[in-house]
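In: Got a predicted model here, sequence first, then my questions.
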Amino acid sequence: MKYIIIGLGNFGSSLAEKLTSQGNEVIGVDTRMEKVNEFKEKISHTMRLDATEEFTVGSLPIKETDVVIVAIGEDPGANIMTTALFKNLQVKRLISRAINPLHEKVLQAIGVDEIVHPEEETAERWAKRLNLNNVVDSFELSDDYSIIEANVPEEYIGKSIRDIGFRTHFNLLVLTTMKVSEEKSLLGKTKTVTKVQGVASASQQLDENDILVLYGHNKDLKTFLQQRESEQ
């Protein structure tokens, strides 16, 4: 996977280092030369440029990049301008950092694919989520083992956990499943509700929009997710 991370502060640099260590190609961008020099040996590539200027951003390999992450945190204006610029450039997947609730609403209006809250979410957790396709969320138990939430692949809809053979074929354990549904509040507003279904049983059938909670070795989780993606 190829990433561009704009802003090499604490969150952006940590995420860039983690993704680089996982074998991804990462371009870390910052306006501060000291940051570019600080991480040039730890990130695949580092560049000094102002990402709020369309002319300079044009030098980046945007078409070849899978994910652009705007991690600027100290300057909301620069964050919004950069995010809007990359949105206009139609990047494949755009993720931006929200500094406060109002900032988050602006990012939603721009139409970013996902919003990061670094004060609540670690760079390590986001690196896992980005590096494993189709992952909704993840929790690293150790260097080798994790628990992840993943969407149910289309070909598994209507099948039971026993039929799929997670343990036999993938060496993974299904801890539980979660059902996602839309509900209306008393004021008529629609909201997404996620309900945990309890301990998973072998006979449990998987439905559309279900989320699997899987436990296993990181390499087995990655193999399962990559295989599912290649079959789609």
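Out: Perfect, thanks for sending it.

In: tell me the domain boundaries of the chain?
Out: Following automatic domain parsing, one gets these domains for the chain: 2-122, 132-231.

In: Tabulate those (JSON lines), appending mean pLDDT and mean neighbour count.
Out: Just so you know, the C-beta spots here come from the backbone N, C-alpha and C atoms, and that holds for glycine as well. What follows is the domains of the chain, written out as JSON lines (pLDDT from 0 to 100; neighbours: other C-beta atoms under 10 Å):
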{"stretch": "domain 2-122", "mean pLDDT": "90", "mean neighbour count": "18"}
{"stretch": "domain 132-231", "mean pLDDT": "78", "mean neighbour count": "15"}
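
In: Please enumerate the strands of this structure.
Out: Ranges of strands in the chain, per DSSP state E, are 2-6, 25-30, 45-48, 67-70, 94-97, 114-116, 135-140, 145-151, 173-184, 190-199, 210-217.

In: got a markdown table for those strands, with distance to residue 79 too?
Out: Formatted as a markdown table, the strands of the chain follow (distance: least, C-beta to C-beta, whole Å):
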| stretch | distance to residue 79 |
| --- | --- |
| strand 2-6 | 9 |
| strand 25-30 | 13 |
| strand 45-48 | 18 |
| strand 67-70 | 6 |
| strand 94-97 | 6 |
| strand 114-116 | 11 |
| strand 135-140 | 23 |
| strand 145-151 | 27 |
| strand 173-184 | 29 |
| strand 190-199 | 26 |
| strand 210-217 | 30 |
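
In: contacting residues for the closest residue to residue 17 other than its chain neighbours?
Out: Closest residue to residue 17 in three dimensions, ignoring its sequence neighbours and counting by C-beta to C-beta, 6 or more residues apart in numbering: residue 42, at 5.0 Å. Residues near residue 42 by C-beta atoms under 8 Å, 6 or more residues apart in numbering: 13, 16, 17, 20.

In: quick one: which of the residues you listed is nearest residue 110?
Out: Within the contacts of residue 42, the smallest distance to residue 110 is 22.6 Å, found for residue 16 (C-beta to C-beta).

In: dump the residue contacts of the closest residue to residue 64 other than its chain neighbours.
Out: Nearest residue to residue 64, sequence neighbours excluded (C-beta to C-beta, 6+ apart): residue 2, at 6.0 Å. By C-beta under 8 Å, 6+ apart, the contact set of residue 2 is 24, 25, 26, 27, 61, 64, 65, 66, 67.

In: ok, now residue 223?
Out: Residue 223 neighbours (C-beta under 8 Å, 6+ apart): residue 170.

In: now do residue 176
Out: Taking C-beta under 8 Å, 6+ apart, we find residue 176 in contact with 196, 197, 198, 199, 200, 213.

In: What's the end-to-end length of stretch 155-173?
Out: End-to-end distance for stretch 155-173, by C-alpha to C-alpha, to the nearest Å: 19 Å.

In: List of residues touching that stretch?
Out: 174, 200-208, 214-217, 220-221, 223-224, 231.

In: if we go to 7 Å?
Out: 174, 200, 202-208, 214-216, 220-221, 224, 231 (C-beta atoms under 7 Å, 6 or more residues apart in numbering).
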